[in-house]
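> 3D, please:
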Amino acid sequence: MITFSADTKPLAVISIIIDDMGYRLKEGVEAINLPAALTYALLPNAPHTEHLSKLARQQGKEIMLHMPMQATLDESPEQGVLALDMSEKQVVETMKKAFAKVPDAVGMNNHRGSLLTRHPGHMTWVMSEINKKGIFFVDSRTSKKTVAEKVAKEFHVPVLRRDVFLDHEMDIASIERQLQKLIQIAKKQGRAIAIGHPHSVTLSVLNDALPRLKALNIEVVPVSEQIQDFGRVSMLATTVVADKRH
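As a prediction, this is how the structure comes out:
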């Protein structure tokens, strides 16, 4: 069990995005039922996206579009992926189809995308479309060479970045360490964003830890609340782990 030590520092806020929602129904429902204002990133072409989107809305939870983008090691291409060989028209059409399947999305982040997010031209097309939608973007930072955040700012898209991956390693001790790291970053810079996934072990750790954060002066908020306060300012650099498989 993760242990926290309370102190008297000013309130910090964290947001936790649960990525890859839509494939596993049982775990998706469990994720939405977690006792906090988490944000759920739904894959547009997953079989349970519509059902989970409806359930999240019923519970007042926030929804994002988890937009598939081409990765460096693209062994198993998915349907509806934004790819490097696409024209601007194809990128825009693919994004419009994705948004039509997740119509209540108030923001977007990248699913995988370690290749595409390195390319300013394609990110220009992506951010132009996001700007037209009037929503925010979170750079999942699946590559250290990502230019997504930079280009988003150029297009006046409210943007933040992922600070921590909770479950890059799927064991309890590792997830607890990453959650502690998230809290430390939040206390240092006032806010932080983590990304996790609907794995049973991740959900178990969060179910245990989330109710105890309030006592530590840590507030869990939807990503949109952080965007409202911080999304148009430069973020402090943090050390991230990039994975070419993402």
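> Could you use CA atoms for every contact and neighbour count after this?
Will do.
> Centre of the chain to the longest helix seen in the chain, how far?
Longest helix of the chain, by residue count under DSSP state H: helix 172-189. Taking the mean of its C-alpha atoms, helix 172-189 sits 16 Å from the chain's own mean (Cα atoms, centre = their mean, to the nearest Å).
> CA atoms only for the very next helix or strand once past that helix, dumped as PDB, please.
Later in the chain than helix 172-189, the nearest helix or strand by DSSP states H and E is strand 191-196. C-alpha atoms of strand 191-196 as PDB (Å, rounded to 0.1, in the frame of the first residue of the first chain):
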ATOM      1  CA  ARG A 191      -0.200  21.000 -10.900                       C
ATOM      2  CA  ALA A 192       0.600  17.800 -12.700                       C
ATOM      3  CA  ILE A 193      -1.000  15.300 -15.100                       C
ATOM      4  CA  ALA A 194      -0.700  11.600 -15.100                       C
ATOM      5  CA  ILE A 195      -1.800   9.000 -17.700                       C
ATOM      6  CA  GLY A 196      -2.800   5.500 -16.700                       C
END
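> Now do strand 191-196 against helix 172-189, angle only.
Computed with axes from the mean of the first three to the mean of the last three Cα atoms, to 10 degrees, the direction of strand 191-196 lies at 160 degrees from that of helix 172-189.
> Mind listing what's buried along strand 191-196?
191-196 (16 or more other Cα atoms under 10 Å).
> name the helices or strands packed onto that strand?
In terms of contacts (3 or more Cα pairs under 8 Å, 6 or more residues apart in numbering; DSSP states H and E), strand 191-196 is packed against strand 12-21, strand 164-165, helix 172-189.
> and the buried residues of strand 191-196 as CSV, adding distance to Ile135?
Output for these, formatted as CSV (distance: Cα to Cα, whole Å):
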residue, distance to Ile135
Arg191, 20
Ala192, 19
Ile193, 17
Ala194, 19
Ile195, 19
Gly196, 21
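> Can you tell me which of the residues you listed is closest to Lys26?
Gly196 (16.2 Å; Cα to Cα).
> quick one: contacts for the closest one?
Counting by Cα atoms under 8 Å, 6 or more residues apart in numbering, Gly196 makes contact with 16-19, 165-167, 202.
> Could you say which one of the helices and strands packed on strand 191-196 comes nearest to Gly113?
strand 12-21 (13.3 Å).
> Between helix 172-189 and the closest one, find me the angle.
Here the directions of strand 12-21 and helix 172-189 differ by 140 degrees (the same axes, to 10 degrees).
> Show me what the next helix or strand after strand 12-21 is in contact with.
Per DSSP H and E, the first helix or strand lying C-terminal to strand 12-21 is helix 25-32. Defining contact as Cα under 8 Å, 6+ apart, one finds that helix 25-32 is touched by 18, 21-22, 38, 40, 48, 52, 55-56, 59, 61, 198-200, 203.
> what is the mean pLDDT for helix 25-32?
Mean pLDDT, helix 25-32: 99.
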